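>>> Here is my input; please provide its structure:
(one chain, ligands or ions: 1)
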Amino acid sequence: MNKSLSLSRYQYLEFEKIALGALAPLKGFMTSPEFESVVETMRLPAGEVFPLPVILDVSKEDALALSGVSVVNLIYDGVVVGELEPAGVFQCDKKAVAHKVYGTSDPAHPGVAYFLATKEFFVGGAVRLLQRARFEFSDYEFTPQEMRAYFQTQGWKTVVGFQTRNVPHRAHEYLLRCALEQADGLFVQPLVGFKKSGDYAPMAILKAYETLIQGFLPQNRVKLGILSTAMRYAGPREAVFHAIVRRNYGCTHFIVGRDHAGVGSYYAKYAAHDMVNRYNGDLGITILKFYGPFYCRRCAAIATERTCPHYQREPQEIQEISGTLMRQMLSGSGQVPSNLMRPEIVASLRGMPIFIEE
Ligand code: ADX
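Below you'll find the model as predicted:
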């Protein structure tokens, strides 16, 4: 008996990432034992580290209709884009799970809000991709296989992966330069799947990175390519998730800085560092942890807690550079001091929508 399930765009991208190997070792949407194991222990039943649930939510009617079905056609926009072999449906106590995964069940948290709003049931099982997702930024997207092949042809033995959801400011640039000191290549992979309103629009991020890479970084050692998956704002757990995904794309190193994948004040500044420390050596990718960077008026330079004496002595001379501050400046007067963001980057954003609207 054949059955169909219509996917939302969010679900289609999630399905596609699984099928392309971006979420390896997952080969399908999580089954009940996998889900439980990941939520409780941050590991899959076989022991591999995996920090976030990857689930396909369905209505009660669909859950009932799946019983006894061996293959489900996955439909997006009226087209069969893939198949799922259902391996059971399940439910959970969403608030309790949110608390474990996000550290909060507050519906004001955007990741929690999304999770609490998922349909009643989840269906697990292996997937097969029949048609890639196509959307306006697809030309900037590469598969894990394509990236691995690219790194090989470039002769890059070590590659640092950089996750971001922001237009680059000077602190980001500092991290990128540190990465280039360490490794053969750098893979800047902005996440452009689902993000909350008020975050940067994907085109603004891409334009800004093109400006930075073409004008100020060694182009032959930097590759730009998007990751079309949802931002989950899960802070420390998502830092581990982002690292695993970049490992799957062939990176050997991954940057985790301040408040990685954080939102509001739900996570301590360096909670993601503590989390990655717990799995050190077990992720298949080396984590490069960074404190700061900030702008120091005394040094007249971007510096970090490890390189600047004024951080302790004259904290009033330290100007923190946060994504939130930059967004405020860009959405207000549009004037951003050049010691915080390159004027060329600010100029490259003129005339285009910079932020995602409601
Ligand atoms: S994230 O949500 O994708 O993590 P963002 O684009 O701001 O947000 O960050 C990209 C990477 O740079 C993350 O590893 C983050 O921790 C790091 N980062 C961003 N700003 C700073 C900063 N001022 N100091 C240290 N690390 C930073």
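>>> Going along the chain, name the strands of the stretch 51-200 of the chain.
In the stretch 51-200 of the chain, the segments counted as strands under DSSP state E, counting those that start in this stretch are 57-58, 71-76, 79-90, 121-129, 159-164, 185-190.
>>> would CSV of those with mean neighbour count be doable?
In this view, the C-beta of every residue, glycine as well, is placed from N, C-alpha and C. Output for the strands of the stretch 51-200 of the chain, formatted as CSV (neighbours: other CB atoms under 10 Å):
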stretch, mean neighbour count
strand 57-58, 20
strand 71-76, 18
strand 79-90, 18
strand 121-129, 20
strand 159-164, 26
strand 185-190, 25
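>>> what's the closest of those to the ligand?
Closest to the ligand of those is strand 159-164 (CB to the nearest ligand atom; 3.4 Å).
>>> Compute the inter-axis angle for the closest one and strand 185-190.
Counting by axes from the mean of the first three to the mean of the last three CA atoms, to 10 degrees, strand 159-164 points 20 degrees away from the direction of strand 185-190.
>>> For strand 159-164, which strands pair with it and how are they oriented?
If you go by DSSP bridges, strand 159-164 pairs up with strand 185-190 (parallel), strand 253-256 (parallel).
>>> what does it contact?
151, 172, 175-176, 179-180, 182-191, 205, 227, 242-243, 246-247, 249-255, 260-261, 285, 288 (CB atoms under 8 Å, 6 or more residues apart in numbering).
>>> next one: stretch 217-230
With CB under 8 Å, 6+ apart as the test, stretch 217-230 has contacts from 10, 13-14, 16-17, 22, 114, 133, 135, 137-138, 140-142, 147, 150, 154, 156, 163, 176-177, 180, 184-195, 202, 206, 209-210, 213, 245.
>>> Buried among those residues? Need that as a selection in PyMOL.
In PyMOL, a selection of the buried entries from the contacts of stretch 217-230 looks like this (16 or more other CB atoms under 10 Å):
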select buried, resi 13+14+16+17+22+114+133+137+140+141+142+147+150+156+163+176+180+185+186+187+188+189+190+191+192+193+194+195+202+206+209+213+245
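>>> Go back to the contacts of stretch 217-230 and keep what's next to the ligand.
Gln163 (CB under 6 Å from any ligand atom).
>>> Filter the contacts of stretch 217-230 down to the ones in helices?
Counting by DSSP state H, the part of the contacts of stretch 217-230 found in helices is 10, 13-14, 16-17, 114, 147, 150, 154, 176-177, 180, 202, 206, 209-210, 213, 245.
>>> remind me which residues of the stretch 251-358 of the chain are low pLDDT?
358 (pLDDT under 70).
>>> Show me what from it comes close to the ligand.
Counting by CB under 6 Å from any ligand atom, the positions of the stretch 251-358 of the chain adjacent to the ligand are 255-261, 290, 292-293, 321-323.
>>> just the buried members of these?
Using 16+ other CB under 10 Å, the buried members of those are Ile255, Val256, Gly257, Arg258, Asp259, His260, Ala261, Phe290, Gly292, Pro293, Ile321, Gly323.
>>> Can you tell me which of those comes closest to Glu120?
The shortest gap between Glu120 and any of those belongs to Ala261, at 27.3 Å (CB to CB).
>>> wait, doesn't the closest one sit right on Val245?
No. Applying CB atoms under 8 Å, one finds Ala261 not in contact with Val245, separated by 11.7 Å.
>>> any idea which helix or strand carries Leu5?
Using DSSP states H and E, Leu5 sits within strand 2-6.
>>> State the paired neighbours of that strand in the sheet, together with their directions.
strand 71-76 (parallel).
>>> Touching the strand it pairs with from outside, list them.
2-7, 9, 12, 15, 66, 80-86, 123, 127, 131, 133.
>>> ok, now with 6 Å
With contact meaning CB atoms under 6 Å, 6 or more residues apart in numbering, strand 71-76 is reached by 3-7, 12, 80-86.
>>> Also stretch 87-101?
31-32, 39, 63, 105, 112, 115-116, 121-125.
>>> rerun at 8 Å
For stretch 87-101, contacts defined as CB under 8 Å, 6+ apart pick out 28, 31-32, 35, 39-40, 52-53, 58, 63, 66, 104-105, 112, 115-116, 118, 120-126, 234, 237.
>>> Check stretch 285-305 too.
Residues contacting stretch 285-305 (CB under 8 Å, 6+ apart): 160-161, 170-171, 173-175, 178-179, 182, 243-244, 246-247, 251-258, 270, 273, 276, 280, 306, 308, 310-311, 314, 317-321, 339-340.
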